[in-house]
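>>> Quick one: sequence plus predicted model below, questions after.
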Amino acid sequence: KRKGGDLPRRFVEPESSLLMVSVMCGEHARGLICNRGIFLSENFEIFRFRTGLALFRFAFGWKSSRGYDSRMAFMQLSTWIRGARLKTLPLAIAPVIIGAALSWWGTFMYSQGGDIRHDPCPFFGGQHDLGEWKLGSLVGTCQRSMGWFVLVAVLCGCVALFLQIAANFANDYSDGVRGTDEGRAIDSESQPAERNSGPDSGSDSSQTSQSRRVPARLVASGVSPRTVLAAAGTSALIACLCGLVVIALTGYWWFMLVGIACLVAGWCYVGGKHPYGYHYLGEIFVFLFFGLVSTCGTMFALTGTISLAGVFGGVNVGLIAVAVLCVNNLRDIESDRVHGKHTWMTALGRRNGTVFTIALLAVAVLLAIAYAKLQSACTIPVVAMLTITCAICAAAAVAIAGKHYGKALPLCTFASLALAATFAATVASS
């Protein structure tokens, strides 16, 4: 800027160029441009301004656009990863691991499948009636192979995983259009801590900051609701395709009904005109689908039966799934009351809800110890996994009691994986 007038038009660079240099070069570059450019200095000549800007263009101009595009792409990807809620995904994998672990010895005995008494199963279509007696054979009985077992188990895990992601996107969409997720934009996650970090902020402000520090949501961040709904539909489609392959491999065509029930349950949790998640039923459905249905469904797909141990494992991991939902609802208890969302936590209150959630974790640990004791599998791997599970649940209980729900949520979800590893170690040691 010259004394007494503005910079001539031919010397003014587009605002986007200055912004690009500012973004790519950071505060130092921005300061150089401001000091030697058009904003602060009145003593430097135009020639020095043009020379400095030309140097910046030469050094950063070609790479800056690519870097800017890559940063924008990374920001968009991270936004969608947050929307998928990765912290909740272990809840989908843990019951499948338990179901597969409990099915191992009952199904798999020979590396290639089949022996003199059991013909190998066909790869597609599941068990079949042999139709005629053979030397020592049992009619209608066949032995599965390792490849078949692993493939079906992995596909069951994919079904559970993508159904969970679809449900997360669907919940983001439904709560976003209802207004339940107001104030959960991507940029608002760090704002409460910044606002309440002053020297005069006391315990009340820190509690307010803790209650407002909630995970970001896509629709609340400005993402189009249709785009989020399309993401939910895509994830559900992938889950359905994996489920169809499971049906083809096992021959249990009635699994389609189970899949439809899972899709309906995932959508109606907070979607539709009368979402059951708003009427004290969310915890019950989470226990059923993240516990019994997932564990017993995996076991039936692999063995054709459901054992008492499978039901026991489903109940065990279902309790942890309910604890995760309770932690989530404890964090959102005030906003849920404002928006008319009735959960067990809004009914019990924060104090009683905290006690109830910690009790769920304690019961889950006690059931795991009881199962290991009943199987007489007190080996070093089992004891080690039980110790890890107890430690994680204890840390989660301390975080819940201290109202640190952001820390408690991942601890509870990882506790489900530790519980699944405990069941696997127990089966391997029995």
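Thanks, I have it.
>>> how near is residue 217 to residue 387?
36 Å (CB to CB, to the nearest Å). Where C-beta positions appear, they are placed from N, C-alpha and C, glycine not excepted.
>>> Who has more neighbours out of the two?
The residue with more neighbours, out of residue 217 and residue 387, is residue 217; 26 against 12, by other CB atoms under 10 Å.
>>> and the more buried one, that's in a helix?
No: Residue 217 is assigned coil when assessed by DSSP: H, G, I helix; E, B strand; the rest coil, not a helix.
>>> That one against residue 175, yeah?
Yes: if you go by CB atoms under 8 Å, residue 217 and residue 175 touch, sitting 6.9 Å apart.
>>> which residues does residue 95 contact?
160, 290-291, 294-295, 298, 313-314, 317-318, 416, 420 (CB atoms under 8 Å, 6 or more residues apart in numbering).
>>> and those as CSV, adding pLDDT, neighbour count and secondary structure?
Formatted as CSV, the contacts of residue 95 follow (pLDDT from 0 to 100; neighbours: other CB atoms under 10 Å; DSSP: H, G, I helix; E, B strand; the rest coil):
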residue, pLDDT, neighbour count, secondary structure
160, 97, 29, helix
290, 95, 26, helix
291, 96, 26, helix
294, 96, 30, helix
295, 97, 33, helix
298, 96, 30, helix
313, 96, 33, helix
314, 97, 27, helix
317, 97, 31, helix
318, 97, 26, helix
416, 97, 31, helix
420, 97, 27, helix
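>>> These into CSV, with extra columns for distance to residue 101?
Shown next, in CSV, are the contacts of residue 95 (distance: CB to CB, whole Å):
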residue, distance to residue 101
160, 15
290, 17
291, 15
294, 13
295, 10
298, 10
313, 8
314, 13
317, 12
318, 16
416, 14
420, 7
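>>> Between the residues you listed, which sits nearest residue 324?
Taking CB to CB as the measure, residue 324 sits nearest to residue 416 out of the contacts of residue 95, at 7.8 Å.
>>> what's near enough to touch the closest one?
By CB under 8 Å, 6+ apart, residue 416 lies in contact with 90-91, 94-95, 317, 320-321, 324.
>>> Of these, just the buried ones, PyMOL syntax please.
A single PyMOL command suffices to select whichever of the contacts of residue 416 are buried according to 16 or more other CB atoms under 10 Å:
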select buried, resi 90+91+94+95+317+320+321+324
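>>> Narrow the contacts of residue 416 to those in helices?
Residues from the contacts of residue 416 lying in helices, with DSSP state H as the criterion: 90-91, 94-95, 317, 320-321, 324.
>>> so which of those comes closest to residue 377?
Distances from residue 377 to those, taken as CB to CB, are shortest for residue 317 (17.9 Å).
>>> any idea how far residue 87 is from the closest one?
On the measure of CB to CB, residue 317 and residue 87 end up 16 Å apart.
>>> Kindly report the same for residue 98.
Distance check for residue 98 against residue 87: by CB to CB, it reads 20 Å.
>>> ditto for residue 307
Distance from residue 307 to residue 87, counting by CB to CB: 31 Å.
>>> In terms of neighbours, single out the busier of the two.
Using other CB under 10 Å, the more surrounded residue of residue 307 and residue 87 is residue 87, with 18 against 15.
>>> pretty sure the more buried one contacts residue 412?
No: the pair residue 87 and residue 412 does not pass the contact test of CB under 8 Å, sitting 9.2 Å apart.
>>> check contacts around the spatially closest residue to residue 276 that is not a sequence neighbour.
The shortest distance from residue 276 to any non-neighbouring residue, by CB to CB, 6 or more residues apart in numbering, is to residue 268 (5.9 Å). By CB under 8 Å, 6+ apart, residue 268 lies in contact with 274-276.
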